[in-house]
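[1] generate coordinates for the sequence data below:
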Amino acid sequence: MTREKTLKELEELAEKIGITIRYENMGTLSGGLCRIQDGEVILINKFLSPASKIELLAKELSLEADKLEAVFVLPELRELLGLS
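    Below you'll find the predicted structure:
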């Protein structure tokens, strides 16, 4: 799977479990999961490389493993997220 496809699949997976993805200019910060009011948002520095965006998304989504059990996760993404 290409990096662009992997990134797109991770973004769609986040949406399926109710997490919004926002790309922002964040200076030297990479980003991470934030809880804003009643919702969850993963903020990502829009200037990160595709590989870094994938790494950040995978790290943050892996912390939501309990929510991921309720949706279908592609085998390639399961491996990336460390899900068994």
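
[2] contacts, neighbours, all on C-alpha from now
    Noted.

[3] off-centre distance for the helix-or-strand element of the chain with minimal mean pLDDT?
    Scoring the helices and strands of the chain by mean pLDDT, DSSP states H and E places helix 65-68 at the bottom, with a mean of 91. In terms of Cα atoms, centre = their mean, to the nearest Å, the centre of helix 65-68 is set 13 Å apart from its chain centre.

[4] hmm, residue 53 is touching residue 7, no?
    Yes: counting by Cα atoms under 8 Å, residue 53 does reach residue 7; the two are 7.4 Å apart.

[5] just the strands in this structure please.
    All strands of the chain, identified by DSSP state E, fall at 19-24, 31-36, 39-45.

[6] out of the ones you listed, deepest packed?
    Mean neighbours per residue, mean count of other Cα atoms under 10 Å, is largest over the strands of the chain for strand 39-45, with a mean of 18.

[7] CA-only coordinates of that strand in PDB, if you can.
    C-alpha atoms of strand 39-45 as PDB (Å, rounded to 0.1, in the frame of the first residue of the first chain):
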ATOM      1  CA  GLY A  39     -15.300  15.400  20.700                       C
ATOM      2  CA  GLU A  40     -11.900  14.100  19.900                       C
ATOM      3  CA  VAL A  41      -9.600  15.600  17.400                       C
ATOM      4  CA  ILE A  42      -6.200  14.500  16.100                       C
ATOM      5  CA  LEU A  43      -4.200  17.600  15.300                       C
ATOM      6  CA  ILE A  44      -1.400  17.100  12.700                       C
ATOM      7  CA  ASN A  45       1.200  19.600  11.700                       C
END
